[in-house]
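Novice: Based on what follows, work out the 3D shape:
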Amino acid sequence: MTPAPTGDPAADLASGALEAALVDLAEAAAALILPFWRTGVTAARKADDSPVTEADQRAEALILAGLSQLWPDVPAVAEEAAAAGAELRTGAWWWLVDPLDGTRGFVAGKDAFTVNIALMRGDDPAAGAVVAPALGRTWTSAHGTSAHGTAAGGARQRETGGPWRPLKARSRPDAPEMVISHSVGRDEAAALAAAHGAARWRGVDSSLKFCLIAGGEADLYPRTGPTSEWDTAAGQAVLEAAGGTVCDHEKARLRYGKPGFLNGAFVARGA
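Specialist: Numbers count the residues shown, from 1 in each chain. Here you go, the predicted model:
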């Protein structure tokens with residue numbers, strides 16, 4: 001049985017309590033979001049012209065309340081709080097939260113939107129949970145011990161509420177598949193595929209791209225345009241735990257707490 005969180009992120013990460021609690025919070029947020037999907041929900045515009053809905057705001061409030069209750073001394077950086085001008089603090093341990101990644105697709109009735117919660121250790125994504133509410137899938141890094149008391153690690157996935165299965169990125173095949181944002185035009189996609197040796201590509205919204213690579217359902221995700229750190233941290237934690245990598249344009253591991261919490265170009269890859 002997984003122990004209860006103690007309020008100490010280091011101890012809770014080691015015991016497995018932290019990731020279990022992150023999954024509970026992410027799946028609770030997913031359950032809150034799902035009734036808004038395909039109901040004609042409308043979006044307001046934030047200062048950066050990105051969309052926000054009531055589902056984003058309510059899911060973030062649920063997640064932040066849960067994190068604050070379980071780990072009151074750990075600061076959080078969350079997308080909607082940042083957009084509202086909240087003071088953003090990091091620390092030795094801190095959270096990065098995107099309560100609804102892929103809002104444009106969510107509003108359009110597409111199914112590849114996700115809930116993302118990551119624990120950061122300095123500039124390092126130490127643990128993460130990702131849920132795709134409309135797909136009924138959950139992914140997480142896995143520290144601590146298993147339900148049977150044996151050593152655990154790596155990453156895992158499940159149909160939401162079902163049994164866990166190990167998650168493993170595959171070695172690069174002869175004909176690798178690339179996943180990219182739907183916003184990438186055909187000419188740019190073809191150029192990226194040629195540059196990275198991809199045989200084919202498909203458009204996928206949100207942090208789901210990291211999770212598909214982590215599960216061996218795709219092989220690489222190159223990103224040339226900017227993203228916010230809360231878009232990538234949880235997915236990176238899952239992918240790295242599954243044996244993959246996420247590197248910046250200098251081929252160094254993608255790090256966090258950068259000015260404005262913005263990422264530059266990066267490439268996520270399988271094993």
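
Novice: buried ones in stretch 22-35?
Specialist: By neighbour count with 16 or more other CB atoms under 10 Å, stretch 22-35 contains the buried residues 22-23, 25-33. Glycine gets a C-beta too; all of them are placed from N, C-alpha and C.

Novice: Of the residues you listed, just say which sits nearest to Arg158.
Specialist: Distance ranking of the buried residues of stretch 22-35 against Arg158, using CB to CB, places Val23 first at 8.9 Å.

Novice: Using the three-state scheme, assign the closest one.
Specialist: Put simply, Val23 is helix when judged by DSSP: H, G, I helix; E, B strand; the rest coil.

Novice: And Gln57, by the same measure?
Specialist: Gln57 ends up helix, using three-state DSSP.

Novice: burial measure for it, as a count.
Specialist: Number of residues near Gln57 (other CB atoms under 10 Å) recorded here: 17.

Novice: I'd guessed it sits against Ala81; true?
Specialist: No. Using CB atoms under 8 Å as the test, Gln57 is too far from Ala81 to be in contact (9.8 Å).

Novice: what's the span of stretch 87-94, first residue to last?
Specialist: With CA to CA, to the nearest Å applied, stretch 87-94 spans 14 Å between its terminal residues.

Novice: for that stretch, which positions count as buried?
Specialist: For stretch 87-94, by 16+ other CB under 10 Å, it's 90, 93-94.

Novice: Surely Arg202 and His182 touch.
Specialist: No. Arg202 lies out of contact with His182 (CB under 8 Å); the separation is 9.4 Å.

Novice: Now for the two: what residues contact both?
Specialist: Contact criterion CB atoms under 8 Å, 6 or more residues apart in numbering; no residue bridges Arg202 and His182 by contacting each.

Novice: ranges for the helices of this protein?
Specialist: Applying DSSP state H to the chain gives helices spanning 9-15, 17-33, 54-70, 79-83, 103-107, 186-196, 208-214, 229-241.

Novice: would JSON lines of the ones you listed with distance to Arg156 and mean pLDDT be doable?
Specialist: Below are the helices of the chain laid out as JSON lines (distance: least, CB to CB, whole Å; pLDDT from 0 to 100):
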{"stretch": "helix 9-15", "distance to Arg156": "15", "mean pLDDT": "96"}
{"stretch": "helix 17-33", "distance to Arg156": "9", "mean pLDDT": "97"}
{"stretch": "helix 54-70", "distance to Arg156": "20", "mean pLDDT": "97"}
{"stretch": "helix 79-83", "distance to Arg156": "25", "mean pLDDT": "93"}
{"stretch": "helix 103-107", "distance to Arg156": "25", "mean pLDDT": "94"}
{"stretch": "helix 186-196", "distance to Arg156": "28", "mean pLDDT": "95"}
{"stretch": "helix 208-214", "distance to Arg156": "10", "mean pLDDT": "98"}
{"stretch": "helix 229-241", "distance to Arg156": "9", "mean pLDDT": "98"}
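
Novice: Adding distance to Asp124, write the ones you listed out as a markdown table.
Specialist: A markdown table is the format used below for the helices of the chain (distance: least, CB to CB, whole Å):
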| stretch | distance to Asp124 |
| --- | --- |
| helix 9-15 | 12 |
| helix 17-33 | 15 |
| helix 54-70 | 18 |
| helix 79-83 | 20 |
| helix 103-107 | 27 |
| helix 186-196 | 25 |
| helix 208-214 | 16 |
| helix 229-241 | 9 |
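
Novice: who wins for proximity to Thr42 among those helices?
Specialist: helix 103-107 (7.4 Å).

Novice: Go through that closest one and flag the buried ones.
Specialist: Neighbour counts over helix 103-107 (16+ other CB under 10 Å) mark 103, 105-107 as buried.
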